[in-house]
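*Asks:* Dropping a prediction and its sequence here:
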Amino acid sequence: MKENDKLDKWLSVAKKAAIEAGLEILKVYHQKIDVEFKKDNSPLTIADKNANHIIEKYLLTTNIPILSEEGRHAPYQERKNWNLVWIVDPLDGTKEFIKKNGEFTVNIALVKNGIPIIGVIYVPVSKCLYFASYQGSFKELEGERLKLPLMRNNNIYKVVGSRSHISSETEKYYADLKKEKNEIEFVSLGSSIKICLVAEGVADVYPRFAPTMEWDTAAGHAIAKYANKKLIDLETEQEMVYNRSNLKNNWFIVK
């Protein structure tokens, strides 16, 4: 099978996995949500676990290893030999899920030698699907498929930031921007939707000066990249790479 045919097939599998996982998440979302906490004090629900089970069921058919927030984390000695790896967050924005504000996503990325080459992000509440591969970045909603980025209606400089993780460094960045720009709008959102908004062209920049992990950004990075945007690791000043020995991301900026 040709390389592009493989990518098309893998993208199709990832899209189906994300949508089915989203349906499973919504079953829990519309009930009383029981929450437990992991060692790092981050919340975990049955929706995270159920979504992960569904996604792994699909992705295992590709015979490509999986690195999921809720799955087994293979040691780096094993992972460093993987030239292809799925990087998954079955429920990104668990805090927003618990708050029931709709700002949570399913993130699935395929990474080749550290570089995201497929990205799928599904927003279960709105049924909005973002995806990207060598053919470009797209948004699907209510049967309409749009190629990203979209045209902007106004020239107001728009910044997206985290709803649940605002740091003093982020506030300083905002303050410095206000001095630079005439008109500026700040929007707070949860999950990887923020990266999608920059890819879409709805927002200009997303600075992140707070902790994230590889599975929080890999899918969004692919969607941004194929929409001609960049996710820059502020430590290396290069685009973020994945399947590292340390799965915790450095601070970054998407623009």
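*Replies:* Received, thanks. The shown structure was predicted, so the numbers you read here are calculated from the model rather than taken from an experiment.
*Asks:* hey, which helix is longest across the chain?
*Replies:* Using DSSP state H to define each element, the chain has its longest helix at helix 3-29.
*Asks:* quick one: contacts of the next helix or strand after that helix?
*Replies:* Following helix 3-29 in sequence order, the next helix or strand is strand 36-37 (DSSP states H and E). Residues from elsewhere that reach strand 36-37 (CB atoms under 8 Å, 6 or more residues apart in numbering): 43-45. (C-beta placed from N, C-alpha, C; glycine too.)
*Asks:* pLDDT on strand 36-37, on average?
*Replies:* Mean pLDDT, strand 36-37: 88.
*Asks:* ok, and for the host helix or strand of Asn52, which residues are buried?
*Replies:* Counting by DSSP H and E, the element that carries Asn52 is helix 46-59. Buried residues in helix 46-59, defined by neighbour count with 16 or more other CB atoms under 10 Å: 46-48, 50-52, 54-56, 58-59.
*Asks:* try stretch 148-160
*Replies:* By 16+ other CB under 10 Å, the buried positions in stretch 148-160 come out as 148-149, 157-160.
*Asks:* Adding pLDDT as columns, could you present those in a markdown table?
*Replies:* Shown next, in a markdown table, are the buried residues of stretch 148-160 (pLDDT from 0 to 100):
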| residue | pLDDT |
| --- | --- |
| Leu148 | 98 |
| Pro149 | 97 |
| Tyr157 | 92 |
| Lys158 | 93 |
| Val159 | 94 |
| Val160 | 94 |
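*Asks:* Format the contacts of strand 36-37 as TSV; extra columns: distance to Ala203.
*Replies:* Formatted as TSV, the contacts of strand 36-37 follow (distance: CB to CB, whole Å):
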residue	distance to Ala203
Pro43	26
Leu44	29
Thr45	28
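*Asks:* List only buried entries from those.
*Replies:* Buried, going by 16+ other CB under 10 Å: 44-45, out of the contacts of strand 36-37.
*Asks:* any idea which helix or strand comes after the helix or strand bottoming out on mean pLDDT in the chain?
*Replies:* Using mean pLDDT, DSSP states H and E, the weakest-scoring helix or strand in the chain turns out to be helix 168-180, at a mean of 80. The helix or strand immediately downstream of helix 168-180 is strand 184-189, counting by DSSP H and E.
*Asks:* Give the pairing partners of that next one; include direction for each.
*Replies:* strand 157-162 (parallel) (DSSP bridges).
*Asks:* Now do the partner strand: distance to the chain's middle.
*Replies:* Chain-centre distance of strand 157-162: 16 Å, with CA atoms, centre = their mean, to the nearest Å.
*Asks:* Between helix 168-180 and it, find me the angle.
*Replies:* Between the axis of strand 157-162 and that of helix 168-180 there is an angle of 170 degrees, by axes from the mean of the first three to the mean of the last three CA atoms, to 10 degrees.
*Asks:* Convert the C-alpha atoms of strand 157-162 to PDB, please.
*Replies:* Taking Å, rounded to 0.1, in the frame of the first residue of the first chain, the C-alpha atoms of strand 157-162 are listed here in PDB:
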ATOM      1  CA  TYR A 157      -6.200  40.700  17.600                       C
ATOM      2  CA  LYS A 158      -7.600  37.700  19.400                       C
ATOM      3  CA  VAL A 159      -5.800  35.800  22.100                       C
ATOM      4  CA  VAL A 160      -7.000  32.400  23.500                       C
ATOM      5  CA  GLY A 161      -6.000  31.200  26.900                       C
ATOM      6  CA  SER A 162      -6.800  28.400  29.400                       C
END
